[in-house]
Each structure stands twice: as structure tokens, then as C-alpha cells.
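Participant: Sequence first, then the predicted structure, then my questions.
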Amino acid sequence: MSGDDQRDGSADTPASEDPNEDEGYHLEVGPEDVAETVLLPGNPERVAKVTATWDDATVVGDHREYRTATGTYEGTPISVTSTGIGSPSAAIAVEELARVGADTFIRVGSCGALREAASVGDLVITRGAVRQEGTSDEYVREDYPAVADHAVVAALVAAAERLDYEYHVGLTCSTDSFYAGQGRPGFEGFEAAGAADLVDRLREANVCNVEMEASAILTLANLYGLRAGAVCTVYANRETGEFRTEGERKAAKTASLATHLLARMDDRVAAADADAWHAGLSIDDPVE
């Protein structure tokens, strides 16, 4: 490779690696643009809906499917970045956000419920995920678990309780396909191998819901020593056949409040000189 083919910086770094330390190649945001906690919806149009309940917010990046805004919620710094649909683009968002200083990620979206009790408009808070997407397989062996951070789960539950939302805590299945991968017929009725009994098999394994990003986000966060969780509003119930886009903003409000509660939880961990947040550290009592 000639010198003209090398980018400025280390001569050992090929141009294809884009060694830009100032901002992410895809997200186009830098270290000064994002807070430590970032909410991750799919649709860029949801960014404005997420920030609608914040104290303030400013769009700091808008490139491809990635729209990023940063502001405060009840005085707590917070960011949101849309990821587009699916785990490949969600993984890019986590990679580039982590590189500029983010350390906590909360997937905010919609899902299909597999239990009759999880009605349309309810929330599902993920405690672990089935890795039925291929992105995380390119990072680590297939039997590596995709688990949510316990403090993030606790904060999401506390937020849902305070907002008086109906919620369910359970296992999520993340797929690469909205149609074949979730047991739906494809074009002209095409049926993928195993699709006919996919939903039944997941339900029998006590999986609560299906979506397309959570397991990759959780896997990457654990690999990198970061925190992650997921909260999704139920749009479809695969048991009852009901489908409505109801309660769209519930997940966003829950994740925003959870971010504020997480900051308080972190304060209590520091004050108690503890290794991690636990139930004995109250969120509400003043830090001594």
C-alpha cells in the first residue's frame, strides 16, 4: 500500500478501518455529543417522541438511520440514538456510542407478545434474550448468554411502577426477520422451515416477546463491560391475534425515567462504597 493510501495517523492502520477518533463514521457524533446513558429506538421519527418529555433536547447527529439527540430528564443527562431496523445497525450504534463515552444502553421499541396476559399497550422489560439474530454470533460463541444488567432491569421496573404502566419482565427472542424469522408467511405465502411451530416452541420455553435488536445490544454490552437493558411496548399479541400501535410512548417514558433513577442508584453505590447496586440501597433516601 502506498503512502497515498494511508490516512493521517498510524502508518499501521489501513484506510479501510477509518481511524477517526473525533466522531463515529456512521453516527457522526463525538465525545462531547452524547451522555453516558443512551436510549436506542429503531425509527428515527421516534427520537422526537422520546425527547418530548425531557427537560430539553438538541439533535447532535443525523446520518443515515442514525439520529441522535442529547438533553436532560429531571436534570439527568441523557441521549437517544435511533438504530434503524435489526441487529446489524443496532450493533454499529453501540460500537460507535461506546467509543465516544456512552456506557449504558436501553433499547426502546415495540414487540410482539407471546403470552395472552401481555396485552397490546403493555410493556415487556427484558431480563435476557434468545440470540436468534446473526450479528452477535460474529462477536462470540453461540452459547454465550445475552443478559440484561440487573440494575437497568431494576430501574426499568421501578420506572414502570411509578408511571403506573402494566408491564411484564421476561425473556425476549431477537430475530433477523420480521416475517420468516418470527413465524409469519413471506411473499405469496412462503413458509420458512420451522416457521409453523416457531411461536409455540418459544412460548413453551417461557419466552415472553419477540423483536429484532435486544439480544445483540445485550451481548455487545456484556462483552465490553457496559450496561444494557430493553423495554418494548406490545403492538401485537401472537396468542390473541391482536395488533394495534397503542402506547407507543410508554417505553420511551419508562426508559427516560429509568435513566434518572439509574443515576440516583449509581450515587448510592458510590456513597456506600459498594461494588454494585442492590435492593438494600434505597433510591429515595438522601445520600448520606
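Facilitator: Alright, I've got the coordinates.
Participant: tell me the mean pLDDT for stretch 175-188?
Facilitator: Averaged over stretch 175-188, pLDDT sits at 93.
Participant: Now Glu166: closest residue in space that isn't a chain neighbour?
Facilitator: Spatial nearest neighbour of Glu166, chain neighbours left out: Asp122 (4.4 Å); criterion: C-beta to C-beta, 6 or more residues apart in numbering. Backbone N, C-alpha and C define where each C-beta goes, glycine included.
Participant: The one you found against Val234, yeah?
Facilitator: Yes - contact criterion C-beta atoms under 8 Å: Asp122 and Val234 qualify, at 4.9 Å.
Participant: If you count surrounding residues, which of the two has more?
Facilitator: Val234 (29 against 22; other C-beta atoms under 10 Å).
Participant: Could you report the neighbour count for Gly194?
Facilitator: Neighbour count for Gly194, taken as other C-beta under 10 Å: 10.
Participant: where does the closest residue to Arg227 other than its chain neighbours sit relative to Ala263, distance-wise?
Facilitator: Residue nearest to Arg227 in three dimensions, not counting chain neighbours: Asp149, with 3.9 Å by C-beta to C-beta, 6+ apart. Asp149 sits 14 Å away from Ala263, going by C-beta to C-beta, to the nearest Å.
Participant: One more: Asp200?
Facilitator: For Asp200, the distance to Ala263 equals 42 Å [C-beta to C-beta].
Participant: more neighbours, the two?
Facilitator: Taking neighbours as other C-beta under 10 Å, Asp200 and Ala263 compare with Ala263 leading, 20 against 12.
Participant: Poorly predicted segments of the stretch 1-150 of the chain, please.
Facilitator: 1-21 (pLDDT under 70).
Participant: hmm, back to that, quick one: common contacting residues for Asp122 and Val234?
Facilitator: Jointly contacting Asp122 and Val234 under the rule C-beta atoms under 8 Å, 6 or more residues apart in numbering are Ala113, Gly247.
Participant: which stretches of the stretch 151-288 of the chain have low pLDDT?
Facilitator: 285-288.
Participant: In it, what residue spans correspond to strands?
Facilitator: 167-175, 207-211, 227-237, 242-243 (DSSP state E, counting those that start in this stretch).
Participant: of all those strands, which lies closest to Ile78?
Facilitator: When the strands of the stretch 151-288 of the chain are compared by C-beta to C-beta, strand 227-237 sits nearest Ile78, at 14.1 Å.
Participant: partners of the closest one, with directions?
Facilitator: Partners of strand 227-237 in the sheet, by DSSP bridges, are strand 104-113 (parallel), strand 123-132 (antiparallel), strand 242-243 (antiparallel).
Participant: which residues sit against the last one?
Facilitator: Read that as strand 242-243. The contact list for strand 242-243, computed with C-beta under 8 Å, 6+ apart, reads Ser119, Val120, Tyr235, Ala236, Asn237.
Participant: Out of those, the closest to Gly71 would be?
Facilitator: Comparing the contacts of strand 242-243 against Gly71 with C-beta to C-beta places Tyr235 closest, at 26.6 Å.
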